[in-house]
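Undergrad: Give me coordinates for this.
(2 chains)
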Amino acid sequence: MTSAQSPASHNVNMTRLLTKTSSVVLLLLFFTLSNVYASTLSNIKEKGYLTCGVSQSLPGFSYIEKDGKWTGLDVDFCKALAAGIFNDSSKVRYSALSAKERFTALQSGEIDVLSRNTTWTASRDTSLGVHFAGVMYYDGQGFMVRKDLGVNSALELDGATLCTNTGTTTELNMSDYFRANNMQYKPVVFEKYDEVLAAYEAGRCDVLSTDQSGLFSQRIRLKDAKAHKILPEIISKEPLGPAVRQGDDQWFNIVKWTLYALLEAEELHITKKSMMLKKLPTKPKERRFLGYDGNIGENLGLSNAWARQIIQTMGNYGEIYEKNIGKHSLLNIPRKHNNLWTQGGLHYAPPFR
Amino acid sequence: MSTAVNRAINPIKSSFHWAHRNLFRSPIDSVITLTLCAFITWFIPPLFDWFILQATFTGEGNEQCVNDGACWIFVREFLPQFIFGFYPEESRWRLVTAVIIVIAFIGIRIVFKKKVHKFFTLTLIVSYPIIAFILLYGGVFGLAVIETHQWGGLFLTLVIATVGIAGAFPLGVALALGRQSNLPVIRAFCRLFIELWRGVPLITVLFMASVMLPLFLPQGLDIDKLLRVLICIMLFASAYLAEVIRGGLQSIPSGQQEAATALGLNYWHTMRYVVLPQALQNVIPGIVNTFIGLFKDTTLVLIVGLFDFLGIVQAAATNPQWLGHAIEGYIFAAFIFWCFCFSMSRFSLRLEQRSHLKEKPMTQPS
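TA: Reported below is the predicted structural model:
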């Protein structure tokens, strides 16, 4: 450029400068706005409801009742959270998520908590920007066979034909298990659940293999459910639990301790019914847990009646379990691993003190 | 004349004749006919058996479905949910009213034909979106607010489809005109817009709208999820529609436009009275095709957690009390979708015929 600038080029320069500054200002404004992150809890309180990501439909875990209400084990956990925060289990908004979008929805703030039968794995916990708050249900891959085969253990399945679905880890787990036990098997693999079940029912394979919770819900779909049994072996670990975004420890604690509160209540034999009696607890453990002594609830940022509200509206873990997937449901999944540690299961809540 | 007499005298012979002429003309024809007959006899009875003979129609619960056939109780029991989704039962009359207004309007048009004043039609078309919004969403006149996360089922499908169609049409026309504009900026913008939206799959667009957009928006600024989806579907369909309409615009000889200019009409008048009426008429099949595609694409909103008609049918099929009736649900959904799409295609046929009737006197030599 020459030393003498014409007025026209000066004008052009000015416009350029203006556009540049204005775009920088806009960008700055944008970043400051998007960086004003209020805490999840205050956000929820302000909105007046909690947004919970659930499965689009999974029998027993989250599905829609005939009257349009969401129910299931995963759904009840969302309700318990709402009961703890608002003392009203209906203050939940459900966002039905596919497996693909669940983590993105959590990261973007579209949902506050993900309660969608999601397996807690190392890679998910470390690389996706999420925290798993605990285990709601201990699942694992199992086997279903016809009773008339006379098989009582998965170790007797040498040479069997196995039906399963593609694209998941089930195939891999199966081949690992059979190789480790020096057994032969023939896999018959299908794309969809329905096809797997149809093939099994038609006798194209001796064994159906998928996650245990899935086996129980598949079994009620069979014509003669009583003629089939689910073998005791579990060949993979699938701990399913709620997850939250990283970066908000207070919210993480609330979700974590809500889950523990459900377990602790069962351990202390506090049920929905016993809460209805309105008798003041006398044992120090119970008094602390229910918020009559100490201030566990307040430390979480909630009221001290927090645990009381949860159990009053939802009941303890055992009640929720039996209602949705256990004895009082069609699925009738035995507690086993999902029992309390005092009953030989894996559920163990740290002490409330 | 003679064939008619023949048929009257000897119907058996003539029907034999017909069969011979139409079904068994050559050896290949005979083979095809026989194969098809065999196929039908092999295929139809079991289907009929499953659909009707072995099916269960009456009863209350899943336990009643003991036969091998279809269990239509499932569809009957869940029908209100399929139609209204999560909409509260006590407010469902509002949806019914919104539909009745449309039906009444169409009825008036059919009965009174041209006697209906243009002003009446115009007011209704302009005010209907507002009326419908008030009825559906509420919030005024003492109507309870029904938030969009409670919308679902066939009702949601229809909302998405109608808003998509109603919004995409004017936008598509504008884009098509803009793409042919003499002004380079407008032309470039329209081309960019169309190519951008046509270049991405709808699923990606929906996914962006539902889960990615909140990442960029400041917290607290919460745009309704359904609104985001509606806007995306509208923009997406408008890009496709613009290309269809552009085809129509190009089919109009430039002489038309020149003649209009010679008569002293300005650009907007030329378009409104001369070019667009002819161009749109020429591409009715293409436009309706796009709309049918849009209607079926609404099922993709399940990806972003909205329960449209198909989504809610799928969800109902996983109710533990009703497991194993997914097929009945899917068949029902397919039937309903077919009904809507078929009536759309019939409607387009009628529009075409009407426009051809209008044209005829002009093309006939006097």
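Undergrad: Give the buried residues for stretch B:193-213.
TA: Buried residues in stretch B:193-213, counted by 16 or more other Cβ atoms under 10 Å in any protein chain shown: B:193-194, B:197, B:202, B:205-213. (Glycine included, C-beta is placed from N, CA and C.)
Undergrad: now those as a markdown table including secondary structure, distance to chain A and pLDDT?
TA: Converted to a markdown table, those look like this (DSSP: H, G, I helix; E, B strand; the rest coil; distance: Cβ to the nearest Cβ, whole Å; pLDDT from 0 to 100):
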| residue | secondary structure | distance to chain A | pLDDT |
| --- | --- | --- | --- |
| B:Phe193 | helix | 21 | 92 |
| B:Ile194 | helix | 26 | 92 |
| B:Trp197 | helix | 21 | 91 |
| B:Leu202 | helix | 15 | 90 |
| B:Val205 | helix | 14 | 89 |
| B:Leu206 | helix | 10 | 88 |
| B:Phe207 | helix | 7 | 85 |
| B:Met208 | helix | 10 | 84 |
| B:Ala209 | helix | 11 | 84 |
| B:Ser210 | helix | 7 | 80 |
| B:Val211 | helix | 5 | 75 |
| B:Met212 | helix | 7 | 76 |
| B:Leu213 | helix | 8 | 78 |
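Undergrad: Which two of the residues you listed have the greatest separation?
TA: Farthest-apart pair in the buried residues of stretch B:193-213 is B:Ile194 and B:Val211; separation 25.3 Å (Cβ to Cβ).
Undergrad: hey, where'd the helices end up in the stretch 151-300 of chain A?
TA: Ranges of helices in the stretch 151-300 of chain A, per DSSP state H, counting those that start in this stretch, are A:170-180, A:193-201, A:212-219, A:249-267, A:272-276, A:284-289, A:296-300.
Undergrad: And the contacts of the last one?
TA: Applying Cβ atoms under 8 Å, 6 or more residues apart in numbering or on different chains, the external contacts of helix A:296-300 come out as A:250, A:253-254, A:257, A:288-289, A:291, A:303-307, A:352.
Undergrad: Filter those down to the buried ones, PyMOL style.
TA: Filtering the contacts of helix A:296-300 down to the buried ones (16+ other Cβ under 10 Å) takes a single PyMOL command:
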select buried, chain A and resi 253+254+257+288+289+291+304+306+307+352
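Undergrad: What sits closest to whichever residue of the stretch 151-300 of chain A sits closest to chain B if chain neighbours are left out?
TA: Here the stretch 151-300 of chain A gets closest to chain B at one residue, A:Arg221, 4.2 Å apart by Cβ to the nearest Cβ. Leaving aside its sequence neighbours, A:Arg221 sits nearest to B:Gly324 (Cβ to Cβ, 6 or more residues apart in numbering or on different chains; 4.2 Å).
Undergrad: surely A:Ser90 meets A:Ala83?
TA: No. Contact status for A:Ser90 versus A:Ala83: not in contact, 9.3 Å apart, counting by Cβ atoms under 8 Å.
Undergrad: Which one's more surrounded, the two?
TA: Neighbour count, other Cβ atoms under 10 Å in any protein chain shown: between A:Ser90 and A:Ala83, A:Ala83 has more, with 25 against 11.
Undergrad: So the strand or helix carrying the more buried one, near chain B or not?
TA: Here A:Ala83, judged by DSSP states H and E, is contained in helix A:73-86. No. Using Cβ under 8 Å from any Cβ of the partner chain, helix A:73-86 never reaches chain B; the gap is at least 11.6 Å.
Undergrad: what is the mean pLDDT for that helix?
TA: For helix A:73-86, mean pLDDT rounds to 95.
Undergrad: what's the answer for stretch B:118-133, then?
TA: 83.
Undergrad: Identify each buried residue in that stretch, please.
TA: Buried residues in stretch B:118-133, counted by 16+ other Cβ under 10 Å: B:124, B:128, B:132.
Undergrad: Let me know the closest of the residues you listed to A:Val151.
TA: If you rank these by distance to A:Val151 using Cβ to Cβ, B:Ala132 comes first, at 60.7 Å.
Undergrad: just checking, the closest one touches B:Ala98?
TA: Yes. In this structure, B:Ala132 is within contact of B:Ala98 by Cβ under 8 Å, at 5.0 Å.
Undergrad: give me phi/psi at residue 138?
TA: Answering for chain A, as no chain was given. Backbone dihedrals for A:Tyr138, given as degrees, to the nearest 10, come out at phi -90, psi 110.
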